[in-house]
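Engineer: Quick one, structure for this:
(4 chains)
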There are 2 protein chains.
Amino acid sequence: MPKKRVLPYIILGLLKNNGEMTGAEITAEFENEIGEFWQTTHSQIYPELKRMVADEWVLLEPDAVDKKKKWYHLLPSGQAALAQWLATPLTTTTDDEFPLRLFFLQHRDEPLLQSLITQELTLHRDKLEHLNQRLTTLFSNPQTQIDNYGHHLILKRAIERETNNIHWLESTLQELQA
Amino acid sequence: MPKKRVLPYIILGLLKNNGEMTGAEITAEFENEIGEFWQTTHSQIYPELKRMVADEWVLLEPDAVDKKKKWYHLLPSGQAALAQWLATPLTTTTDDEFPLRLFFLQHRDEPLLQSLITQELTLHRDKLEHLNQRLTTLFSNPQTQIDNYGHHLILKRAIERETNNIHWLESTLQELQA
DNA sequence: AGATACATGTAACCTGTTACATGATTAA
DNA sequence: TTAATCATGTAACAGGTTACATGTATCT
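Structural biologist: Have a look, this model is predicted:
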């Protein structure tokens, strides 16, 4: 699966939330909040910021007193890019984008919130169905379960995980609509 | 996090389970069983097999009739390498190795099975504790929950996921010891 | 003034993906 | 006997990690 670039959007999201930030501040975020579901280092962030300046997604403004600091501000086209990313439909191959996107939806009344969860719900329902199908395909014969004990375990685990996931998404969605 | 190389061990595991295989057969496995939790293509597999031949982990034997087919057999040092990999302690940074290793433990009475699950259990208990700590650190103030709705959601989700995971691991372990 | 830490930047490397390419076998 | 497919192999590329490097500010 071709890993989609999300780093620029994370940076955009951070800038939106915080107004203005330096590269070091952005880097620090990946050791705190965001670090839970996405990792990177300054070696990626600085070149990325450079690109984003070139694309006019962000504005660079040197610090007035500290010559080594550089402040980055969100520009309108950057804001637009972020909005577009958040509105892009989720696909199975972008599993780990879900928590990231949620992270940048700060308020309960964000219109995208409900649609995001609905999309994720569909994906996981499909996955669960697929897993159940594999279970019957591979392990309807009880002897196979014994001869491939580990494999059977993982499959059962995956099914339970998806079930739990779906349950949570459903109740969250319900709570959201209340 | 530096991604650990696991492809050679997957290949070793496949060869152990199936006796002898061609590169194409190995490739095919990544579209079926193994594809559920690990992806790759022939472009990685063929060079890897070459390396493994050089390391004397596997033996190459051309097909007697079909000149384009090449059969690979497990050699003792390959078997040893596989055993060593399976015995290596799990770490937090090797999350997705757990299902892979389970996959190659074919029988309920594999001595490594119980220790593997115990290790995974410890890791997830630690993670759950960490997540709970973050929850209190970040969201003890109710207003923060409202101002960072998405973030709060993910964190709650992660906690539920880990709780479910731990529960499954515990009951599996119990079933195993019965 | 010298040492340490801060903020930024770049280079080398490693892994995995996509695309390209070739000889052997099978099908039309 | 040409076309399509199979089995293997390599090259080009993209992403991210580690390591290296430089100027600035702070601390003692």
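Engineer: Enumerate the residues of chain A near chain B.
Structural biologist: Chain A has residues A:1, A:33, A:36-37, A:39, A:99, A:101-108, A:110, A:113, A:134, A:138, A:146-151, A:153-155, A:157-158, A:160-161, A:164-165, A:168, A:172 near chain B, with proximity defined as Cβ under 8 Å from any Cβ of the partner chain. The way it works is simple: take the backbone N, C-alpha and C, and place the C-beta from them, glycine included.
Engineer: In which helix or strand does the most far-flung residue of chain A relative to its centre reside?
Structural biologist: Most distant from the centre of chain A: residue A:143, at 40.4 Å, with distances by Cα atoms, centre = their mean. When elements are defined using DSSP states H and E, residue A:143 is found to belong to helix A:142-147.
Engineer: okay, now the closest residue to residue A:35 other than its chain neighbours: neighbour count?
Structural biologist: Once flanking residues are discounted, residue A:35 sits nearest to residue A:29: 7.6 Å by Cβ to Cβ, 6 or more residues apart in numbering or on different chains. As a burial measure, the neighbour count of residue A:29 was computed by other Cβ atoms under 10 Å in any protein chain shown and equals 20.
Engineer: Name the helix or strand for residue A:173, please.
Structural biologist: Remark: residue A:173 resides in helix A:149-177, with elements defined by DSSP H and E.
Engineer: Just want the angle from that helix to helix B:149-177.
Structural biologist: With axes from the mean of the first three to the mean of the last three Cα atoms, to 10 degrees applied, the angle from helix A:149-177 to helix B:149-177 works out at 150 degrees.
Engineer: Quick one: distance of helix A:149-177 to the chain centre.
Structural biologist: Centroid displacement of helix A:149-177 relative to its chain, using Cα atoms, centre = their mean, to the nearest Å, is 18 Å.
Engineer: Equivalent analysis for stretch A:104-119, please.
Structural biologist: Stretch A:104-119 has its C-alpha centroid displaced from the chain centroid by 13 Å (Cα atoms, centre = their mean).
Engineer: now do the same end-to-end measure for that stretch.
Structural biologist: Start and end residues of stretch A:104-119 are separated by 17 Å (Cα to Cα, to the nearest Å).
Engineer: can you check stretch A:13-30 too?
Structural biologist: Span of stretch A:13-30 from end to end, Cα to Cα: 13 Å.
Engineer: and it, anywhere near DNA strand C?
Structural biologist: Yes - using Cβ under 7 Å from any atom of the strand, a contact is recorded between stretch A:13-30 and DNA strand C, made by A:22-25, A:27.
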